[in-house]
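K.L.:
could you work out the structure for the sequence below:
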Amino acid sequence: EDVPSQTFDNKDYFCGKETFPVYESIFTEEGETIRKIAIEIEKPPQIEIHVWTIRKGILHHFYVEKLSKKEFEGLPYFKLITRTTLSQWKIFSEGEAQISQMCESRVCRTELEDLVKVLYLEKSEKGHC
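P.N.:
Numbering: from 1, shown residues only. Model prediction:
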């Protein structure tokens with residue numbers, strides 16, 4: 001008799017917290033870089049995409065759009081970069097709001113890179129959750 005392996009409903013868990021896939025798309029055109037960071041959320045089932053328009057290192061425009069999973073699947077250029085928890089996504093979103101104000105008038109390339117790093121979970125050793 002087969003014993004089913006423990007799959008947590010086919011979702012990845014990190015220290016007992018559910019994780020969600022995070023995607024990235026970077027597109028450069030006419031000296032402008034459009035960087036999109038997207039998270040796939042289960043409830044409600046949707047994709048939240050954070051869009052940054054960067055011109056000469058300065059964040060010119062920032063907005064958030066929400067799509068259905070079906071709409072998202074039709075978009076090109078997105079690649080899976082990591083999985084993250086909702087608490088890390090909240091830190092990312094709050095940091096993004098601060099950076100969008102701070103970087104309206106100065107170059108913020110490193111701040112944006114550091115913000116994306118927040119989404120990467122560090123694998124903890126057993127018992128350190």
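
K.L.:
check which helices and strands the helix ranked longest in the chain sits against.
P.N.:
For the chain, the helix that runs over the most residues, judged by DSSP state H, is helix 86-102. In terms of contacts (3 or more CB pairs under 8 Å, 6 or more residues apart in numbering; DSSP states H and E), helix 86-102 is packed against strand 17-18, strand 20-29, strand 58-67, helix 109-117. (C-beta placed from N, C-alpha, C; glycine too.)

K.L.:
what's next to that helix, contact-wise?
P.N.:
Helix 86-102 has contacts (CB atoms under 8 Å, 6 or more residues apart in numbering) with 17-18, 20, 22, 37, 39, 50, 59, 62, 84, 108, 111-112, 115-116, 118-119, 121.

K.L.:
and the residues you listed, which are buried?
P.N.:
20, 22, 37, 39, 50, 59, 62, 84, 108, 111-112, 115-116, 118-119, 121 (16 or more other CB atoms under 10 Å).

K.L.:
returning to that earlier point: report the buried residues of the longest helix of the chain.
P.N.:
Applying 16+ other CB under 10 Å to helix 86-102 flags Q88, W89, F92, G95, E96, I99, S100 as buried.

K.L.:
how far off centre is it?
P.N.:
Computed by CA atoms, centre = their mean, to the nearest Å, the chain-centroid distance of helix 86-102 equals 11 Å.

K.L.:
quick check, F72 in contact with F78.
P.N.:
Yes. The criterion here is CB atoms under 8 Å, and F72 meets it with F78 at 7.5 Å.

K.L.:
list residues touching both of these two?
P.N.:
A38.

K.L.:
how close does R106 sit to I99?
P.N.:
Between R106 and I99 the computed distance is 11 Å (CB to CB, to the nearest Å).

K.L.:
okay, now the unreliable bits of the chain?
P.N.:
Applying pLDDT under 70 to the chain picks out residues 1-12, 123-129.

K.L.:
if you set the cut-off to 80 instead, what comes out?
P.N.:
1-16, 57-58, 100-109, 122-129 (pLDDT under 80).

K.L.:
same list (the buried residues of helix 86-102) but as JSON lines, adding distance to P44.
P.N.:
Shown next, in JSON lines, are the buried residues of helix 86-102 (distance: CB to CB, whole Å):
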{"residue": "Q88", "distance to P44": "20"}
{"residue": "W89", "distance to P44": "15"}
{"residue": "F92", "distance to P44": "19"}
{"residue": "G95", "distance to P44": "24"}
{"residue": "E96", "distance to P44": "21"}
{"residue": "I99", "distance to P44": "27"}
{"residue": "S100", "distance to P44": "25"}
